[in-house]
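Chemist: for reference, the sequence and a predicted model appear below.
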Amino acid sequence: MIPIVLILALATAYGFWHRSTRGVVKQRANKYGSLNEEVLGAPLGVNATLVQFSSVFCTPCRATRSLLQNIVADMPGVVHIDVDAEEQLELVRTLDIRSTPTTLFLDSHGIEVGRAVGAPNRAQVLTALAALN
């Protein structure tokens with residue numbers, strides 16, 4: 001009986017940890033330098049750029065894409081770039097993208113200032129973008 005209780009406790013703890021870390025925008029020190037149009041395949045925004053790494057069969061990726069496109073439609077100077085992680089494996093390795101969706105928050109110079117692993121909510125994205133301006 002003790003092994004079953006122990007396994008359930010560990011699984012529950014892991015579930016709480018996993019849920020609390022997905023979608024949260026975390027401030028991040030830039031380790032990779034500036035990203036530009038050549039690397040990303042699309043022009044950067046004047047004020048900010050949201051770079052989403054996604055894959056074809058990822059359901060949270062579709063929801064995140066829709067959310068980010070909706071947000072940038074109302075914000076001039078902010079651009080959303082969707083990168084297919086399967087097609088850009090070298091970039092994924094370079095930027096240490098470990099799961100999809102992952103959204104990078106870039107400032108006007110293409111420097112990563114934040115990252116959300118998992119599907120962020122609207123308030124988190126808006127707060128992160130407000131911090132960039």
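Modeler: Done, it's in.
Chemist: just the helices in the chain please.
Modeler: Using DSSP state H, the helices of the chain run over 2-21, 37-40, 59-73, 89-94, 122-132.
Chemist: which of those helices sits closest to residue 103?
Modeler: When the helices of the chain are compared by C-beta to C-beta, helix 59-73 sits nearest residue 103, at 6.6 Å. (C-beta placed from N, C-alpha, C; glycine too.)
Chemist: off-centre distance for stretch 124-133?
Modeler: Taking C-alpha atoms, centre = their mean, to the nearest Å, one finds the center of stretch 124-133 at 13 Å from the center of the full chain.
Chemist: same deal with stretch 47-60?
Modeler: Distance, centroid of stretch 47-60 to centroid of chain: 7 Å (C-alpha atoms, centre = their mean).
Chemist: so can I have JSON lines of the helices of the chain showing mean neighbour count, mean pLDDT and distance to residue 111?
Modeler: As requested, those are arranged in JSON lines below (neighbours: other C-beta atoms under 10 Å; pLDDT from 0 to 100; distance: least, C-beta to C-beta, whole Å):
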{"stretch": "helix 2-21", "mean neighbour count": "10", "mean pLDDT": "83", "distance to residue 111": "23"}
{"stretch": "helix 37-40", "mean neighbour count": "13", "mean pLDDT": "87", "distance to residue 111": "12"}
{"stretch": "helix 59-73", "mean neighbour count": "16", "mean pLDDT": "94", "distance to residue 111": "19"}
{"stretch": "helix 89-94", "mean neighbour count": "13", "mean pLDDT": "91", "distance to residue 111": "15"}
{"stretch": "helix 122-132", "mean neighbour count": "15", "mean pLDDT": "89", "distance to residue 111": "10"}
